[in-house]
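Chemist: The following comprises the amino acid sequence and a computationally predicted model.
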Amino acid sequence: MNILVTGGCGFIGSNLVRWLRKHRPDATVINLDKLTYAGNLENLKELEGDPKHVFVKGDVGNRELVEHVLRAHKVDAIMHLAAESHVDRSILGPEAFTVTNVLGSQVLLEAARTVGVGRFLMVSTDEVYGSLGPTGLFTEKTPLDPSSPYSSSKAAADLLALAYEHTFKLDVVVTRCSNNYGPFQFPEKLIPLMVVNALHDKPLPVYGDGTNVRDWLHVDDHCSALVAALEKGKKGNVYNIGGNSERQNIQIVKAILAAVGKPESLIKYVTDRPGHDKRYAIDATKIRAELGWQPSFVFEQALKDTVAWYVEHRPWWERVTSGAYRQYFDTQYKQRLS
Ligand code: NAD
Ligand code: TYD
């Protein structure tokens with residue numbers, strides 16, 4: 001089996017490529033990635049020289065290249081993860097989100113249809129549902145109501161994928177997962193950013209009053225769910241993925257400070273993110289019942305292990321946040337603290 005993973009050098013993508021090589025050793029993984037600031041080949045260093053991991057540098061929006069890759073590698077299935085993925089960046093500059101997440105996904109879907117790829121797994125997000133109040137959970141039937149440029153672009157791609165199934169009978173499955181944590185996450189997202197700042201004794205910028213809620217899932221549990229959806233998901237179906245681990249942001253930040261032995265006086269409440277979604281929480285009954293998937297990580301311990309990974313992998317995050325990235329970081333950082 002030849003599987004094309006797009007965005008395989010990013011956070012979830014690199015963990016997925018590793019997961020596939022470990023648990024599906026017969027499959028060849030073709031990894032198409034543009035290597036934006038968020039994509040690093042270093043994330044897959046341990047696969048150097050592996051003949052069953054084929055890296056192709058390129059843009060999912062390049063139709064000619066994508067069709068060539070699908071044909072040359074006789075791709076049986078696509079797992080589409082490539083995206084611009086950070087809400088804050090989508091507020092600062094939405095255009096790249098429309099180009100990659102919407103147009104890039106459309107090019108990939110069209111190429112899959114033209115070449116005749118077996119299955120197309122669209123990796124969407126729970127953020128397409130918008131925000132919840134204090135109670136209730138997102139089910140697959142919850143109407144889409146995205147609020148940020150990021151989530152809107154993901155909703156567009158998610159619906160396009162379903163339209164390709166409905167209209168052209170392309171074998172599409174869509175997944176919508178909650179917030180991931182684990183190794184190799186670019187330190188602009190909540191958990192790695194807070195660890196890095198704490199290690200530098202810099203303030204930890206908490207948006208608003210810190211009571212916004214996210215539903216956390218370890219990245220390896222997301223990977224096993226994606227493979228379950230790829231292998232056993234029903235054509236044209238959507239599967240929510242989540243692990244019942246709702247936490248307020250401030251709880252996460254305090255847990256990180258405790259894990260690295262730094263004082264809570266580093267916490268700095270800053271101006272809220274514009275349009276900040278209050279709460280996400282996933283009902284994952286369908287994927288559990290129909291595909292037999294279940295998460296295996298326990299949040300408190302896995303968060304501690306994740307923090308320890310960042311402490312131990314300082315050279316990794318120093319490198320990926322150096323140079324060009326540092327400029328963006330510093331601008332962001334100043335804005336957050338103003
Ligand atoms: P990430 O930003 O860490 O990685 C994205 C990867 O895509 C990078 O390697 C980047 O180089 C690549 N990429 C970007 N534009 C590209 C293009 N035009 N062509 C080819 N490659 C390109 O993102 P992530 O957090 O790993 O998320 C991966 C996917 O999972 C995204 O589709 C995201 O919407 C979805 N998702 C993420 C989460 C989460 O908590 N991180 C939760 C649910 C769903
Ligand atoms: P993030 O990791 O950016 O993921 P998403 O916005 O896709 O859920 O943010 C997670 C939560 O943490 C979100 O409620 C915003 C909040 N947050 C902060 O309070 N401070 C920060 O510096 C960042 C990056 C996020």
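Modeler: Happy to help now that I have it. Not measured: the values here are computed from a predicted model. Ligands and ions are numbered 1, 2, ... in the order given.

Chemist: so, in contact with ligand 1 or not, stretch 116-132?
Modeler: Yes: using C-beta under 6 Å from any ligand atom, stretch 116-132 reaches ligand 1 at 123, 125. In this view, the C-beta of every residue, glycine as well, is placed from N, C-alpha and C.

Chemist: For the stretch 101-250 of the chain, which segments count as strands?
Modeler: 119-125, 172-177, 180-181, 204-207, 213-215, 217-218, 238-241, 246-248 (DSSP state E, counting those that start in this stretch).

Chemist: Now mean neighbour count and distance to residue 276 too, for the ones you listed, in JSON lines please.
Modeler: Below are these laid out as JSON lines (neighbours: other C-beta atoms under 10 Å; distance: least, C-beta to C-beta, whole Å):
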{"stretch": "strand 119-125", "mean neighbour count": "25", "distance to residue 276": "16"}
{"stretch": "strand 172-177", "mean neighbour count": "26", "distance to residue 276": "20"}
{"stretch": "strand 180-181", "mean neighbour count": "22", "distance to residue 276": "19"}
{"stretch": "strand 204-207", "mean neighbour count": "21", "distance to residue 276": "6"}
{"stretch": "strand 213-215", "mean neighbour count": "21", "distance to residue 276": "11"}
{"stretch": "strand 217-218", "mean neighbour count": "26", "distance to residue 276": "20"}
{"stretch": "strand 238-241", "mean neighbour count": "26", "distance to residue 276": "22"}
{"stretch": "strand 246-248", "mean neighbour count": "17", "distance to residue 276": "13"}
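
Chemist: Which of those strands sits closest to residue 285?
Modeler: Across the strands of the stretch 101-250 of the chain, residue 285 has its closest neighbour in strand 238-241 (8.2 Å, C-beta to C-beta).

Chemist: In terms of secondary structure, what does that closest one contact?
Modeler: Contacts defined by 3 or more C-beta pairs under 8 Å, 6 or more residues apart in numbering; DSSP states H and E place strand 238-241 against strand 172-177, helix 219-232, helix 285-291.

Chemist: and among those, the most buried is which?
Modeler: strand 172-177 (a mean of 26; mean count of other C-beta atoms under 10 Å).

Chemist: Strand partners (parallel or antiparallel) of that strand?
Modeler: Under the criterion DSSP bridges, strand 172-177 sits next to strand 119-125 (parallel), strand 238-241 (parallel) in its sheet.

Chemist: Save these as JSON lines, and put in mean pLDDT and distance to residue 160 too.
Modeler: Output for the strands paired with strand 172-177, formatted as JSON lines (pLDDT from 0 to 100; distance: least, C-beta to C-beta, whole Å):
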{"stretch": "strand 119-125", "mean pLDDT": "99", "distance to residue 160": "8"}
{"stretch": "strand 238-241", "mean pLDDT": "99", "distance to residue 160": "13"}
